[in-house]
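J.: A predicted structure for the sequence below; I have some questions about it.
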Amino acid sequence: MVRVPLTAEELERGLRLGELLRSARGDRSMVQVALDAGISVETLRKIETGRIATPAFFTISAVAEVLGISLDTIARTLETPQSQQEVAS
C-alpha cells in the first residue's frame, strides 16, 4: 500500500498537536505519560515532535485523558487559520 504524502497543512497541524501535548505534559516525564496512556514512549516522542502528523484517534484520546485535555480543546487547537476565520465571520 502506498501512502499519500501529507500536505503542508497536515504537517503544520501535526506540529501544533505536538506543541499542545508537550505544553500540557509540563514537567511530567514522557515515559510516565506514555505508560499511563498505553502507548510507547517512541510513539509519544514522534507525536510531540510532529514526526507522526496524523496519529490515530484512539492514541490521541488516550494521551488527552492522561494529560487532562478535552478533545474539544485539541480540535480547536488544530483548526486551520482559514477555518478559524470562517468561524469568526
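T.: Structure's in. What do you need?
J.: What average pLDDT does the longest helix along the chain get?
T.: Longest helix in the chain by number of residues (criterion: DSSP state H): helix 8-25. With pLDDT averaged residue by residue, helix 8-25 scores 94.
J.: okay, the angle between the very next helix or strand once past that helix and helix 8-25?
T.: Note on helix 8-25: by DSSP states H and E, the next helix or strand toward the C-terminus is helix 30-37. Comparing the axes of helix 30-37 and helix 8-25 via axes from the mean of the first three to the mean of the last three C-alpha atoms, to 10 degrees yields an angle of 100 degrees.
J.: What would helix 30-37 look like as CSV? C-alpha coordinates only.
T.: Extracted C-alpha coordinates of helix 30-37, given in CSV (Å, rounded to 0.1, in the frame of the first residue of the first chain):
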residue,chain,number,x,y,z
MET,A,30,7.4,11.4,28.7
VAL,A,31,7.9,7.8,29.9
GLN,A,32,5.2,8.1,32.6
VAL,A,33,2.7,9.8,30.3
ALA,A,34,3.2,7.1,27.6
LEU,A,35,2.9,4.3,30.1
ASP,A,36,-0.3,5.8,31.5
ALA,A,37,-1.7,6.2,28.0
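J.: what packs against that helix?
T.: helix 41-48, helix 57-67 (3 or more C-beta pairs under 8 Å, 6 or more residues apart in numbering; DSSP states H and E). Bear in mind the C-beta positions are built from the backbone N, C-alpha and C, glycine included.
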